[in-house]
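predicted structure and sequence below. I'll ask about it afterward.
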Amino acid sequence: MNTKFYLKAEGNDDTAYQTAMQFACELSKKDTEIKRVVLLIYTKINTGWFERLYGNEMVKKLFSGVRFKDCSPLYKFETTITYKNAHYGYPQDIVICCGLDSDDIFKIDEYSSTKYIIAIPWLKKNTDKWIKTWNAKNILGKSESPDEKFPEPTAIVKKAMEHLTNHINMFTGIGHPNDNNLAKTYIKVLHKYENELNADIVYSYLIRELHWNPRHAKDIEKLINTLNQGSFFKGGEKIGLQNYYKQWKEECEK
C-alpha cells in the first residue's frame with residue numbers, strides 16, 4: 001500500500017509544483033528505496049507549469065530524466081499512457097500527479113512501483129474523491145476539516161458489500177452475468193430500504209476497506225447513481241428483496 005499526500009492548489013499555481021518536487025526530495029532522503037520521482041501528466045503538451053518554473057530546455061531534459069543537486073532520485077516526466085506501460089517492479093517511485101482527476105489517480109494506486117503519491121489538483125473538486133477515500137495527508141502539514149474524509153457507510157450497507165465481496169469473482173468484479181445479477185439485486189435492496197445510498201461513500205468503502213479494484217468499484221458506483229437519478233437498469237431480482245435486508249440487519253444486530 002502506497003502512502004498518499006496532496007497539496008491544496010488549483011489552476012496555474014506554479015509554486016505548488018515546486019513545493020511538491022521539494023517535498024519528494026525530502027521523502028527520498030528519508031527513504032533510500034526511492035529511485036525515481038515521476039512527474040505524471042496527461043499528455044506531453046501538459047508541461048506549462050514546469051516551463052514557467054524551469055524553462056523549455058529543462059522541460060525537454062525532464063522527458064529523459066534529470067537529477068537535481070542534493071537530491072538523488074531521477075526526476076522524469078511520464079504520461080498516463082507511458083507510465084501505465086512501464087510501472088512494473090518493486091515500490092521505488094514517488095509519483096506527483098499533475099492536475100489529474102480522481103479516477104486517474106485511483107489507477108496509480110494499483111501500480112506496484114508506486115510507493116508515494118502526491119496529488120496536485122487542477123480543480124480540487126475533481127480530486128476530492130481520491131483525497132477523501134484515503135484521507136490523504138496535506139504535505140504542508142495544515143490541519144484539515146472533518147469533511148476531508150468520507151464518512152463510513154451504515155452497518156447494513158457494509159454488511160451487504162461484504163456479502164457481495166465474498167460471493168463474486170474479485171478478479172473480474174461484476175463482469176460475470178451471475179455476479180452482475182447479484183450486485184444489481186443488492187443495490188436494489190439498499191436503494192429501496194436504506195434512507196440514503198451515497199455512491200461516493202460506497203465506492204470509497206469498497207476500495208479502501210474491501211480492496212476492490214477501482215475499475216470494478218466504479219461499476220457499483222454507476223448502478224447506485226442510476227437509481228439515485230431516478231432511472232433503472234435491467235437485471236437483479238424483483239421479488240423477495242426485503243428478505244435480503246432483513247438478513248443483513250439481523251447479522252448487524254448479533
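Cool, got the structure.

going forward, measure contacts between C-alpha atoms and count neighbours the same way
Will do.

tally of neighbours for the spatially closest residue to Y6 that is not a sequence neighbour?
Distances taken as CA to CA, 6 or more residues apart in numbering place A119 nearest to Y6, at 4.4 Å, with adjacent residues excluded. A119 has 31 neighbouring residues, counting by other CA atoms under 10 Å.

where are the low-confidence patches of the protein?
Scanning the chain for pLDDT under 70 picks out 142-148.

next up, the contacts around I81.
Y42 (CA atoms under 8 Å, 6 or more residues apart in numbering).

the same query, at a cut-off of 10 Å, please.
40-43 (CA atoms under 10 Å, 6 or more residues apart in numbering).

alpha carbons only: can I get stretch 51-63 in PDB?
Output of stretch 51-63 as PDB, limited to C-alpha atoms (Å, rounded to 0.1, in the frame of the first residue of the first chain):
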ATOM      1  CA  GLU A  51       8.100  25.600 -18.400                       C
ATOM      2  CA  ARG A  52       7.300  28.600 -16.300                       C
ATOM      3  CA  LEU A  53       9.400  27.300 -13.400                       C
ATOM      4  CA  TYR A  54      12.400  25.800 -15.200                       C
ATOM      5  CA  GLY A  55      12.300  26.900 -18.900                       C
ATOM      6  CA  ASN A  56      11.900  24.900 -22.100                       C
ATOM      7  CA  GLU A  57      15.300  23.300 -22.100                       C
ATOM      8  CA  MET A  58      14.900  21.800 -18.700                       C
ATOM      9  CA  VAL A  59      11.400  20.500 -19.700                       C
ATOM     10  CA  LYS A  60      13.000  18.700 -22.700                       C
ATOM     11  CA  LYS A  61      15.600  17.100 -20.400                       C
ATOM     12  CA  LEU A  62      12.900  16.000 -17.900                       C
ATOM     13  CA  PHE A  63      11.400  13.700 -20.600                       C
END
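
which residue is nearest the middle of the chain?
Taking CA atoms, centre = their mean, the centroid of the chain lies closest to F106, which sits 2.7 Å from it.

need the nearest residue in space to that one, chain neighbours excluded.
For F106, ignoring the flanking residues on the chain, the nearest one in space by CA to CA, 6+ apart is P214 at 6.4 Å.

that older thread, what distance do you get for the residue nearest to the centre of the chain to I131?
According to CA to CA, to the nearest Å, F106 stands 10 Å off from I131.

next: V202.
15 Å.

same thing with C252?
29 Å.

same question, M170
24 Å.

more neighbours: which of the two?
I131 (23 against 16).

list the contacts of that one.
I131 neighbours (CA under 10 Å, 6+ apart): 4-6, 102, 105, 119, 124-125, 137-138, 148-150.

got the residue ranges for the strands in this protein?
3-6, 36-41, 74-79, 93-98, 114-120, 137-138 (DSSP state E).

please work out which of those is packed deepest.
strand 93-98 (a mean of 26; mean count of other CA atoms under 10 Å).

count of residues packed around the residue nearest to F106?
Neighbours around P214, by other CA under 10 Å: 21.

ditto for V157
23.

surely it touches Y203?
No: counting by CA atoms under 10 Å, V157 sits too far from Y203 to count as a contact (11.5 Å).

distance check, the nearest residue to F50 once chain neighbours are set aside against N85.
In this structure, F50 finds its nearest non-sequential neighbour in V59, 6.6 Å apart by CA to CA, 6+ apart. Plainly put, V59 is 22 Å away from N85 if you go by CA to CA.

more neighbours: which of those two?
Neighbours were tallied for V59 and for N85 using other CA under 10 Å; the higher tally belongs to V59 (21 against 9).

many thanks, we can stop here.
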